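[1] What follows is a predicted protein model with its sequence.
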Amino acid sequence: MRRTLRTTRGFTLLELVVSMGIGLVILGAALQMFTQAMKATFVTSERSEMQEDFRAASNLLQRDISMAGSGALGQQGLAAGSVGLPTGTGINSVYPCSLTTCSYVNGAPVTYPTVAGAPYLYSIIPGYDLGITVNATEGASDIITVAYADANLALNCYTVTVTSATTVTFQLPTVLPSTCVLPPGLATPPLLNAAGVGLQAGDYILFGTSTAAVVSTVATTTPAAGNSAAFIVTFTLGDPGHINQPTATGGSLKQLFTAGTLVSAVRLLVITYYLDISPTDGVTPRLMRVQSGRTPAPVAENVSYLKFSYDVDNDGVITPNQTTMPAGVTPNMITKVNILHMEIRSELKGTSGYQGLDLQTSISARNLTMGQEYPISGSAY
């Protein structure tokens, strides 16, 4: 019987080396593809988050700026878009101010614009270079303040009586006056102590007669004894914005109390946007919104730069893209707000730095039509 011997030949060393090399090339290519895919996923997720923050910030900014001057300032025979603030020796009203602090804008309180030495609250107040510096190369950021009427509280349904230089009585009458215009869906005026919509400490109220107007800051709101439809609201000295000045020669409730007791009233939404640094990590910049004298609230994180310019209408001559008001021009001549830069960066820093987006747009203020139809010369009146 004949036997056949079978032999099994293995790989040579050269073949092993070549195959290992090919394997390493394939593995390296796969790793590179995986790394690129992870980077693409990171970039996409960061951009998606930045776009969401952009939408949140831009929607609020556009809503508030477009409402500036709506239904409030410029009534009672005053100039469109402004009302005088308390005047007197040592009196300096400042903005924006919450109940606890008044130093978070550029590290110090900011006084209101003045005309002939008297401070004024305007429907739009520029704040060029008044914000913090996030990037030293870009420099200081801007802030912006806008003011408009809050129709939801319907203070025009109340009978308003100034009872002293620091107290006002609001009475909801049995028969509502013809001036009582309720928002859609609201059958009865809300009570002033209603949760969420009633008066809160820090709210700004614009009082007026046919010849004068005064802004005051709410301190307390208390139901009148034995009358659930009446409220005693106090406007005492000591509010953070120094708006309440009972002894001021002008711009105080004392002025209305001596001139007449029955007045009209509307709650003002005085809103300021500015940047600060999150106290959580001490690094993340964020866009903040403060309403009147209430507690500031964050709008969007990682907003690292904010810059505005303004189009102004002076006797029918439009001067565009002003960062500060030219000589002879006051903020009540602003017809359009231009967001020059609202930069937002990614939450996480990549290998080559932060990703970034920059919003640029323009927003017409609610007082645009008035400014074009009735151009204002270079004064506050």
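    It's in.
[2] Could I get the full set of helices for the stretch 251-381 of the chain?
    With DSSP state H, counting those that start in this stretch as the criterion, the stretch 251-381 of the chain has helices at 253-259, 368-373.
[3] Going by mean pLDDT, which of the ones you listed comes out lowest?
    In terms of average pLDDT, helix 368-373 trails the rest of the helices of the stretch 251-381 of the chain, at a mean of 44.
[4] In a helix, Phe34, correct?
    Yes. Residue state for Phe34 (DSSP: H, G, I helix; E, B strand; the rest coil) corresponds to a helix.
[5] separation between it and Gln355?
    Using CB to CB, to the nearest Å, Phe34 is found at 21 Å from Gln355. For every residue, glycine as well, the C-beta is placed using N, CA and C.
[6] quick one: which of the two has more around it?
    Looking at Phe34 and Gln355 with other CB atoms under 10 Å, you find the greater number of neighbours at Gln355, namely 19 against 10.
[7] What sits closest to the more buried one if chain neighbours are left out?
    Ser346 (4.0 Å; CB to CB, 6 or more residues apart in numbering).
[8] Looks like Ala230 contacts Gln171 (just checking).
    Yes. Counting by CB atoms under 8 Å, Ala230 does reach Gln171; the two are 4.6 Å apart.
[9] Which one's more surrounded, these two?
    Ala230 (19 against 14).
[10] quick one: the nearest residue in space to the more buried one that is not next to it in sequence and Gln322, what's the gap?
    Leaving aside its sequence neighbours, Ala230 sits nearest to Ala224 (CB to CB, 6+ apart; 3.7 Å). Ala224 is 49 Å from Gln322, where distance means CB to CB.
[11] Which residue of the two possesses the greater neighbour count?
    Neighbours were counted for Ala224 and for Gln322 using other CB under 10 Å; Gln322 has more, 18 against 13.
[12] got the contact list for that one?
    Going by CB atoms under 8 Å, 6 or more residues apart in numbering, Gln322 touches 309-312, 329.
[13] Excluding chain neighbours, give the residue nearest to it in space.
    Closest to Gln322 by CB to CB, 6+ apart is Tyr310, at 5.0 Å.
[14] Same question for Asp203.
    Excluding the flanking residues, the one nearest Asp203 by CB to CB, 6+ apart is Val218, at 4.4 Å.
[15] What count of nearby residues applies to the residue nearest to Gln355?
    What Ser346 shows, counting by other CB under 10 Å, is a neighbour count of 20.
[16] Please look at it and Gln51 and confirm they touch.
    No. Using CB under 8 Å, Ser346 makes no contact with Gln51, being 11.1 Å away.
[17] neighbour-wise, which of the contacts of Gln322 leads?
    Tyr310 (24 neighbours).
[18] OK, contacts around it?
    124, 126, 321-323, 325, 334, 336-338.
[19] Also Pro189?
    Going by CB under 8 Å, 6+ apart, Pro189 touches 154, 157-158, 172, 176, 180, 182.
[20] Let me know the closest of these to Ile243.
    Tyr158 (20.8 Å; CB to CB).
[21] Just give me the neighbour total for Pro119.
    For Pro119, the count of nearby residues is 20 (other CB under 10 Å).
[22] oh sorry, the question was meant for Leu256
    Neighbour count of Leu256, defined by other CB under 10 Å: 23.
[23] any idea how far Ala265 is from it?
    Leu256 is 10 Å from Ala265, by CB to CB.
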